[in-house]
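>>> Below is the sequence, then the predicted model.
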Amino acid sequence: MTGKLLFDGAKCSACGACAVACMDQNDIDTDSGQVPYIRAVCREEGLRFEYIARMCLHCTVPPCADACPQQCLYKDRQTGLTLYDNTACVGCGCCAVACPHGAITFRKTPDGPSRGRMEKCDACHIRQEAGLLPACVRACPTGALRLSCTGPMPDKSDDFERKRK
């Protein structure tokens with residue numbers, strides 16, 4: 001059972017716990033220029049401000065998947081998540097240009113293209129399959145990030161949610 005990430009900006013304090021958890025889970029090295037797959041940012045308009053999450057929204061019809069000439073991105077029919085297999089990635093950046101949420105990032109590898117291979121949030125689907133919450137959801141102290149499932153929550157996630165309340 002897997003689910004999608006939901007963000008409530010009214011509950012967000014932009015503490016960065018989600019980004020730190022994401023960096024830890026995905027071995028993201030910010031010193032080399034990599035960015036976490038999720039980050040909370042403040043958007044100001046006059047005297048009003050709001051927090052928004054910059055992350056993959058796992059679009060129903062993902063423009064990044066349509067734009068990729070190597071077909072590295074795909075919509076998983078079972079989970080509804082937009083997942084990827086970047087082994088064929090040539091680093092062209094078409095997916096990043098097509099993504100309306102700025103969710104695509106590139107990681108340089110010794111054997112990869114000069115720009116690096118594309119990566120993005122996969123909603124920690126491996127953690128979810130093991131009955132765990134995505135790293136960012138588990139780390140969020142305010143409950144601004146939640147997991148939306150169509151069926152019952154995995155047992156371990158359920159226990160964690162009961163303890164948080």
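Here it is on my side, so go on.

>>> which residues touch the spatially closest residue to A67 that is not a sequence neighbour?
Taking Cβ to Cβ, 6 or more residues apart in numbering, and ignoring the residues beside it in sequence, A67 has A98 as its nearest neighbour in space, at 3.5 Å. From N, CA and C alone the C-beta is placed, and that goes for glycine too. Neighbour list for A98: 63-64, 66-67 [criterion: Cβ atoms under 8 Å, 6 or more residues apart in numbering].

>>> Mind doing that once more with 10 Å?
62-68, 73, 104 (Cβ atoms under 10 Å, 6 or more residues apart in numbering).

>>> got it, and Q70?
Residues 85-92, 94-95, 118 are the ones in contact with Q70 under the rule Cβ under 10 Å, 6+ apart.

>>> Secondary structure element holding the residue nearest the centre of the chain?
Averaging the C-alpha coordinates of the chain gives a centre point, and the residue nearest to it by Cα atoms, centre = their mean is C121 (2.9 Å). In the assignment (DSSP states H and E), C121 maps to no helix and no strand.
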